[in-house]
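> show me the folded form of this:
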Amino acid sequence: MQIGIVGKPNVGKSTFFGAATMAPVEIANYPFTTLAANKGVGYVRSKCPCKELGVTCTPHNSGCVDGTRMIPVELLDVAGLVPDAWQGKGLGNQFLDDLRQADALINVIDVSGSTDIEGNPGKPGDHDPQEDVTFLRREIELWIREIIKNGFGKIARTAKMTGAKPDAILYERLAGLNVSENEVKAAVRDVNPPEDPTKWDDDIMLALAQKIREYGKPMIVAMNKADIAPEGNIERVREISDLAVVTMAETELALKKAHDAKLVDYTPGDKSFKVRDGVKLSDGQKKALDYMAENMEKNGGTGVQECLEKAAFELLDLITVYPVEDENKYTDHFGRVLPDAFLIPRGSTARDLAYKVHTELGDKFIRAVNAKTKRTVGSDYELQDGDVIRIVANR
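Okay, here's the model as predicted:
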């Protein structure tokens with residue numbers, strides 16, 4: 001799974017990325033600091049079955065901290081987008097192309113309104129943060145429309161002669177965009193374009209692109225720089241966003257560094273931190289930590305971890321499943337207990353899990369065993385969050 005971190009320049013995207021991954025990126029206060037897509041690994045938390053099953057797990061593809069699995073997700077930090085990026089402004093086409101494989105997007109905005117629409121610094125309240133949300137949606141939708149339009153005339157004429165369905169035409173155009181056939185069908189159902197694709201005009205294609213963006217590249221808004229946001233800005237953004245989280249990426253990054261320096265105890269996602277006993281802090285450090293603590297109490301944490309988890313578990317509606325080879329000991333063939341945690345879409349079946357583990361396992365699937373209940377289940381068994389599953393296949 002890949003989550004793209006997007007937004008205009010100078011809103012704190014790279015700080016957000018660095019805070020979520022602790023990867024070294026250039027973090028500076030000017031547009032186009034990020035000139036290429038940075039990739040890193042963040043983590044989402046899920047309850048591990050180890051305590052429920054009374055075992056000590058030996059994780060392989062993820063960590064376990066006191067019964068909480070830390071499951072890795074790939075994060076992509078894309079360079080800042082400006083108005084008319086879809087037409088190539090500010091290297092926009094190149095940056096948008098970096099988003100092709102993203103499953104979901106986190107739109108980092110400057111909710112304080114201290115940067116204009118192109119990312120130039122100003123004062124808090126100078127700019128309307130609603131524009132940061134609406135412009136980015138528009139840029140992505142126009143970019144998708146251009147992908148649909150490219151060479152569409154010839155394809156539409158051929159499709160008219162062969163009687164191809166609109167969703168099949170659209171799915172072919174969007175190959176490489178990591179959009180599923182079901183998402184394309186949902187977009188076509190909502191827009192209901194003419195059966196004759198030669199009658200599709202720019203407005204119809206844009207309507208389709210909007211729905212493709214909603215279904216295929218769902219977006220959460222990270223309202224960054226919330227600690228300096230004027231009164232009312234956060235509420236204004238929530239008015240136009242189905243899912244928006246108050247964030248303070250600089251605070252998250254500073255706390256992770258302070259934790260590494262053994263100054264504080266802090267776990268990503270916690271709503272507070274604690275200064276370690278016996279630590280001597282300078283007046284500047286005390287002032288900075290007091291400021292962070294005050295704003296974390298006000299906003300319920302830094303919001304960075306919350307963004308990642310809402311993207312995974314709400315936007316993408318993923319669940320966590322644990323494949324094993326021994327349903328009694330909950331182990332793999334190396335003897336590791338509950339070794340792997342897989343994120344898969346809700347509604348996935350036992351056979352879907354088999355294919356995720358290995359193509360051959362899916363092809364030769366016979367049955368599965370629910371290790372918690374010890375019951376045999378078929379290929380169409382709908383997996384539940386936290387399931388521990390043994391796949392039985394032909395050798």
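
> so which residues of this protein form strands?
2-6, 38-47, 63-65, 68-77, 104-110, 219-224, 244-246, 264-265, 274-275, 318-324, 342-345, 365-370, 375-377, 388-393 (DSSP state E).

> next, format these as JSON lines and append distance to Val179 and mean neighbour count.
To be clear about C-beta, it is placed using only N, CA and C from the backbone, and glycine gets the same treatment. Shown next, in JSON lines, are the strands of the chain (distance: least, Cβ to Cβ, whole Å; neighbours: other Cβ atoms under 10 Å):
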{"stretch": "strand 2-6", "distance to Val179": "13", "mean neighbour count": "24"}
{"stretch": "strand 38-47", "distance to Val179": "21", "mean neighbour count": "19"}
{"stretch": "strand 63-65", "distance to Val179": "32", "mean neighbour count": "15"}
{"stretch": "strand 68-77", "distance to Val179": "16", "mean neighbour count": "21"}
{"stretch": "strand 104-110", "distance to Val179": "12", "mean neighbour count": "27"}
{"stretch": "strand 219-224", "distance to Val179": "14", "mean neighbour count": "27"}
{"stretch": "strand 244-246", "distance to Val179": "24", "mean neighbour count": "24"}
{"stretch": "strand 264-265", "distance to Val179": "42", "mean neighbour count": "18"}
{"stretch": "strand 274-275", "distance to Val179": "45", "mean neighbour count": "13"}
{"stretch": "strand 318-324", "distance to Val179": "17", "mean neighbour count": "24"}
{"stretch": "strand 342-345", "distance to Val179": "14", "mean neighbour count": "18"}
{"stretch": "strand 365-370", "distance to Val179": "27", "mean neighbour count": "19"}
{"stretch": "strand 375-377", "distance to Val179": "30", "mean neighbour count": "14"}
{"stretch": "strand 388-393", "distance to Val179": "28", "mean neighbour count": "20"}
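
> could you check how many residues crowd around Pro124?
Around Pro124 there are 16 other residues, counting by other Cβ atoms under 10 Å.

> ends of stretch 187-201, how far apart?
Terminal residues of stretch 187-201 lie 16 Å apart, using Cα to Cα, to the nearest Å.

> list of residues touching that stretch?
152-153, 155-157, 159-160, 164, 166-167, 169-170, 204, 207-208, 211-212, 214-216 (Cβ atoms under 8 Å, 6 or more residues apart in numbering).

> quick one: buried ones out of those?
Buried subset of these (neighbour count, 16 or more other Cβ atoms under 10 Å): 152, 155-156, 159, 164, 166-167, 169-170, 204, 207-208, 211-212, 214-216.

> rewinding a little: now the strands of the chain as JSON lines including distance to Phe334 and mean pLDDT?
Shown next, in JSON lines, are the strands of the chain (distance: least, Cβ to Cβ, whole Å; pLDDT from 0 to 100):
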{"stretch": "strand 2-6", "distance to Phe334": "28", "mean pLDDT": "94"}
{"stretch": "strand 38-47", "distance to Phe334": "22", "mean pLDDT": "91"}
{"stretch": "strand 63-65", "distance to Phe334": "17", "mean pLDDT": "89"}
{"stretch": "strand 68-77", "distance to Phe334": "18", "mean pLDDT": "92"}
{"stretch": "strand 104-110", "distance to Phe334": "33", "mean pLDDT": "97"}
{"stretch": "strand 219-224", "distance to Phe334": "37", "mean pLDDT": "98"}
{"stretch": "strand 244-246", "distance to Phe334": "39", "mean pLDDT": "98"}
{"stretch": "strand 264-265", "distance to Phe334": "33", "mean pLDDT": "94"}
{"stretch": "strand 274-275", "distance to Phe334": "38", "mean pLDDT": "96"}
{"stretch": "strand 318-324", "distance to Phe334": "11", "mean pLDDT": "98"}
{"stretch": "strand 342-345", "distance to Phe334": "17", "mean pLDDT": "96"}
{"stretch": "strand 365-370", "distance to Phe334": "19", "mean pLDDT": "97"}
{"stretch": "strand 375-377", "distance to Phe334": "24", "mean pLDDT": "97"}
{"stretch": "strand 388-393", "distance to Phe334": "15", "mean pLDDT": "97"}
